[in-house]
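J.: Everything below, folded, please.
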Amino acid sequence: MSDIYVDTVARLSRVSGVRGAIIVEPETGVPVMAEVEVGVSPQALAALAAALFRRTANASAAAGFGPLRRFHLEAAGGHVLMAGAGDLVLVVLVDDERQLGMVRLEAQRAVESLQ
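T.: I've put the predicted structure just below:
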């Protein structure tokens with residue numbers, strides 16, 4: 001496993017309110033590296049995130065908006081942030097009660113380190 005993947009996921013997982021981080025291969029939906037809280041299936045989340053990111057990227061292109069950079073899913077219990085990172089997708093799970101600014105900043109830094 002590449003040290004950059006391990007370091008990226010570990011750094012994101014230490015941010016207050018982050019419940020997990022996953023680096024996903026978007027074409028297969030397979031997690032490349034994951035650190036999530038107990039009870040969260042990284043395989044299921046990676047597959048779902050990859051499908052959502054691909055379809056949203058297709059919709060973005062079809063609408064003439066260009067390549068998808070980030071995708072934010074807000075649910076009653078929290079947020080799922082996804083960002084394109086070269087040939088990968090970064091997925092971050094965040095508690096609903098947290099400010100997203102620091103998480104987004106760290107996610108952007110993570111994306112830059114993965115490209």
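J.: and the residue positioned nearest the centre of the chain, what element?
T.: Per Cα atoms, centre = their mean, the C-alpha nearest to the average position across the chain is that of Val91, at 1.2 Å. Here Val91 sits within strand 88-95, counting by DSSP states H and E.
J.: so which strand or helix has the closest residue to Val36 other than its chain neighbours?
T.: Distances taken as Cβ to Cβ, 6 or more residues apart in numbering place Gly20 nearest to Val36, at 3.1 Å, with adjacent residues excluded. (C-beta placed from N, C-alpha, C; glycine too.) Gly20 belongs to strand 18-25 when assigned by DSSP H and E.
J.: Could I get the CA-only coordinates of the next helix or strand after that strand as PDB?
T.: Once strand 18-25 ends, the next helix or strand along the chain (criterion: DSSP H and E) is strand 30-36. Listed next in PDB are the C-alpha coordinates belonging to strand 30-36 (Å, rounded to 0.1, in the frame of the first residue of the first chain):
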ATOM      1  CA  VAL A  30     -13.200  -0.800  -4.900                       C
ATOM      2  CA  PRO A  31     -11.600   0.900  -1.900                       C
ATOM      3  CA  VAL A  32      -7.900   1.500  -2.400                       C
ATOM      4  CA  MET A  33      -7.500   2.600   1.300                       C
ATOM      5  CA  ALA A  34     -10.000   3.100   4.000                       C
ATOM      6  CA  GLU A  35     -10.300   4.000   7.600                       C
ATOM      7  CA  VAL A  36     -13.900   4.200   8.900                       C
END
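J.: Taking strand 18-25 as reference, get the angle to strand 30-36.
T.: For strand 30-36 against strand 18-25, the angle by axes from the mean of the first three to the mean of the last three Cα atoms, to 10 degrees is 170 degrees.
J.: Just want the angle from the lengthiest helix in the chain to strand 88-95.
T.: Criterion DSSP state H: the longest helix present in the chain is helix 42-62. If you take the same axes, to 10 degrees, helix 42-62 sits at 110 degrees to strand 88-95.
J.: so where's the chain uncertain?
T.: 1 (pLDDT under 70).
J.: State the distance from Phe71 to Glu37.
T.: Relative to Glu37, Phe71 is positioned 21 Å away (Cβ to Cβ, to the nearest Å).
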